[in-house]
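In: the following comprises the amino acid sequence and a computationally predicted model.
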Amino acid sequence: MSRDALVFYSAVDDSAAWRAALAAELPDLDFRADPDIGDPADIRYALAWAPPAGFFARFPNLQLVTNLGAGVDALVRRDDLVPVKFSRLSDPGMVAMMTSYVVFAVTRYARDIPVFERAKRRGEWEYVHPRALSEIRVGVLGLGELGGAAARTLAAMGFTVTGWSRTSKRIEGVASLTGREGLEQVLAGSEILVCMVPLTGDTHHLLGARELALMPRGAKFVNVARGALVDEAALIEALRAGRIAEATLDVFETEPLPAGHALWSLDNVLITPHMASITVPALAARDVAESIRRVRQGLAPLHEVDPARGY
Ligand code: NDP
């Protein structure tokens, strides 16, 4: 047994696939899937998604925690992890999968598909004349790995795209806005809004009643980032009143979304169970292995998370 082991924890990811993918990159890595972790003192690296409270406190020699995903909000809030380095996954498979979801959700609204879904249920032929994609203004909040790729693809498809981020971006075909004023401009100018910012101290309830009211009447809303970015009660009210006409929600303040929750009963809401994107071990393992190599050499891992910034 080596004294340089990795512990794997996830209730949803496939540990055998990760074991194989990492073995191809780092044949000497001692991979231990929870609960078979052996001597906790051997553990130097963790590859984990949402482990239970106190999980990391058992590992006195832990140096690197790689989050099995892009959103690190749950990780940076923990109190069992203070001195280690955090890194997030960067995975072309995850980017492609997220882009496909966003393209689906935006196109569904741009092509009035929910109108036809409802007409079909009534058994009626309802014609809506299609609009040119260039006439349809899409806002993307967050232009990082995932948001940037989605915005670029939507622009390449012909949508008129405006993005919003902390710092200004240059993405072909995408207007870039920043700051509170920029946010208000994107909200007021988007008939379809896609939320792709991380959940941090600065972005909790980024979209409350006031912000949602800035959106054009009848706007559509897509949230693939985190539920708590939006004041869910305010969103429900706006959806009931028709101020926001439709929403596609993959993430919620409480997951799984509880039975009987008001969102379940809204006919204008499409709900998916936090599956917009996942990590693909064969594509993400290279970066995980490279971060471990770097930490072994005393260097910073790839895609290091700044806990103070929160992403
Ligand atoms: P990144 O960290 O790469 O990018 C985050 C973006 O948000 C950046 O453009 C950043 O600005 C911007 N941002 C952060 N804070 C603020 C702020 N206060 N004001 C304005 N802009 C801000 O994240 P990803 O693109 O990889 O992922 C986005 C989120 O998607 C994740 O955090 C996660 O929550 C969610 N996710 C959801 C999944 C699902 O299946 N539903 C799967 C994977 C991720 P700047 O560029 O200037 O730093």
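Out: Happy to help now that I have it.

In: so how many other residues sit close to residue 278?
Out: Burial measure for residue 278: 19 neighbouring residues, criterion other C-beta atoms under 10 Å. From N, CA and C alone the C-beta is placed, and that goes for glycine too.

In: mind checking how far it is from the ligand?
Out: Residue 278 is 7 Å from the ligand, where distance means C-beta to the nearest ligand atom, to the nearest Å.

In: repeat that for residue 117.
Out: Look at residue 117 and the ligand: by C-beta to the nearest ligand atom, they are 22 Å apart.

In: next: residue 178.
Out: Applying C-beta to the nearest ligand atom, one obtains 7 Å for the distance of residue 178 from the ligand.

In: my guess is that residue meets residue 167, correct?
Out: Yes: A contact is recorded between residue 178 and residue 167 when judged using C-beta atoms under 8 Å, the distance being 6.5 Å.

In: ok, those two, which is more surrounded?
Out: Using other C-beta under 10 Å, the more surrounded residue of residue 178 and residue 167 is residue 178, with 15 against 7.

In: give the contact list for the more buried one.
Out: 164, 165, 166, 167, 168 (C-beta atoms under 8 Å, 6 or more residues apart in numbering).

In: not counting sequence-adjacent ones, nearest residue to the last one?
Out: Put plainly, it is residue 168. With C-beta to C-beta, 6 or more residues apart in numbering as the measure, residue 176 is the residue that lies nearest to residue 168, at 5.0 Å, once sequence neighbours are left out.

In: what's the local residue count around that neighbour?
Out: Number of residues near residue 176 (other C-beta under 10 Å) recorded here: 17.

In: check residue 267 too.
Out: Using other C-beta under 10 Å, residue 267 has 10 neighbouring residues.

In: does it belong to a helix, a strand or coil?
Out: coil (DSSP: H, G, I helix; E, B strand; the rest coil).

In: so how far is the ligand from it?
Out: Remark: distance between residue 267 and the ligand (C-beta to the nearest ligand atom) = 23 Å.

In: which phi and psi does residue 65 have?
Out: Dihedral pair for residue 65: phi -120, psi 120, per degrees, to the nearest 10.

In: who does it form a beta bridge with?
Out: Applying DSSP bridges to residue 65 gives these bridge partners: residue 46, residue 86.

In: A strand includes residue 32, no?
Out: Yes: in this structure, residue 32 lies within a strand as judged by three-state DSSP.

In: where's residue 93, which helix or strand?
Out: Counting by DSSP states H and E, the element that carries residue 93 is helix 92-110.

In: now that helix - C-alpha only, CSV.
Out: Taking only C-alpha atoms (Å, rounded to 0.1, in the frame of the first residue of the first chain), the coordinates of helix 92-110 have been written out as CSV:
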residue,chain,number,x,y,z
PRO,A,92,-14.7,19.1,-22.7
GLY,A,93,-17.4,16.4,-22.3
MET,A,94,-19.1,18.4,-19.6
VAL,A,95,-18.9,21.5,-21.8
ALA,A,96,-20.4,19.8,-24.8
MET,A,97,-23.2,18.2,-22.7
MET,A,98,-24.1,21.5,-21.1
THR,A,99,-24.1,23.3,-24.4
SER,A,100,-26.5,20.7,-25.8
TYR,A,101,-28.9,21.2,-23.0
VAL,A,102,-28.8,25.0,-23.3
VAL,A,103,-29.2,24.8,-27.1
PHE,A,104,-32.2,22.5,-26.5
ALA,A,105,-33.9,24.7,-23.9
VAL,A,106,-33.3,28.0,-25.9
THR,A,107,-34.4,26.5,-29.2
ARG,A,108,-37.5,25.0,-27.6
TYR,A,109,-38.6,28.5,-26.7
ALA,A,110,-37.3,30.2,-29.8
